[in-house]
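# Whatever this is, show me its structure:
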Amino acid sequence: LSEVIGAIQPEAGLFALEDGNEPLATLICVHDGDLAGLFEVATEKSARKQGHGRNLILSALKWARLRGAREAWLQVEAGNAPALSLYRSLGFEEVYRYHYRRPPGA
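Take a look at the predicted model:
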């Protein structure tokens, strides 16, 4: 995994909260100029609603801010109500929606 993270350009950080050897929450933060992108934000089902995701996001945003980021963005599925609630509580707001298309049979 460290090779994959290291190959991402621009600069990226992998953030993880673990209990022993088990990950409780993880995310990837990419810093690019004055922007920070959050990717693959995930919390183990048994560890949800305990503030782990929030704390990890705040840590990642601080990491990016110390490197010059002034704004952050992320993508989330419109039906993911728990994630939307968390992101809104952190000040994120919807900017636009998108959807994927593919040809029939693809």
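# ok, the nearest residue to L90 once chain neighbours are set aside to S89 distance?
Leaving aside its sequence neighbours, L90 sits nearest to I57 (Cβ to Cβ, 6 or more residues apart in numbering; 6.3 Å). All C-beta atoms are positioned from the backbone trio N, CA, C, and that covers glycine. As defined by Cβ to Cβ, to the nearest Å, I57 lies at a distance of 10 Å from S89.
# cool, D32 as well?
25 Å.
# So for these two, which residue has more residues nearby?
The neighbour count for D32 versus S89, taken as other Cβ atoms under 10 Å, is higher for D32 (15 against 9).
# what about A72, how many neighbours?
Count around A72 with other Cβ under 10 Å applied: 20.
# for the one 10 residues further on, same thing?
P82 is surrounded by 12 other residues when neighbours are defined as other Cβ under 10 Å.
# tell me which residues of the top strand by length along the chain are tucked away?
Criterion DSSP state E: the longest strand present in the chain is strand 22-32. The neighbour-count check on strand 22-32 (16 or more other Cβ atoms under 10 Å) flags 24-31 as buried.
# Strands of the chain, residue ranges please.
Going by DSSP E, the chain shows strands at 12-19, 22-32, 35-43, 71-74.
# Find me the pLDDT at the closest residue to V41 other than its chain neighbours, would you?
Nearest non-adjacent residue to V41, counting by Cβ to Cβ, 6+ apart: L27, 4.4 Å away. Per-residue pLDDT puts L27 at 96.
# residue contacts, L27?
L27 sits next to 14-15, 38-42, 53, 56-57, 60 when contact means Cβ atoms under 8 Å, 6 or more residues apart in numbering.
# Distance from stretch 25-42 to the middle of the chain?
Here stretch 25-42 shows a centroid-to-chain-centroid distance of 5 Å under the convention Cα atoms, centre = their mean, to the nearest Å.
# can you count the residues close to A7?
Applying other Cβ under 10 Å, I find that A7 has 8 neighbouring residues.
# now, which of the buried residues of strand 22-32 sits nearest S85?
Checking these against S85 by Cβ to Cβ gives A25 as the nearest, at 15.8 Å.
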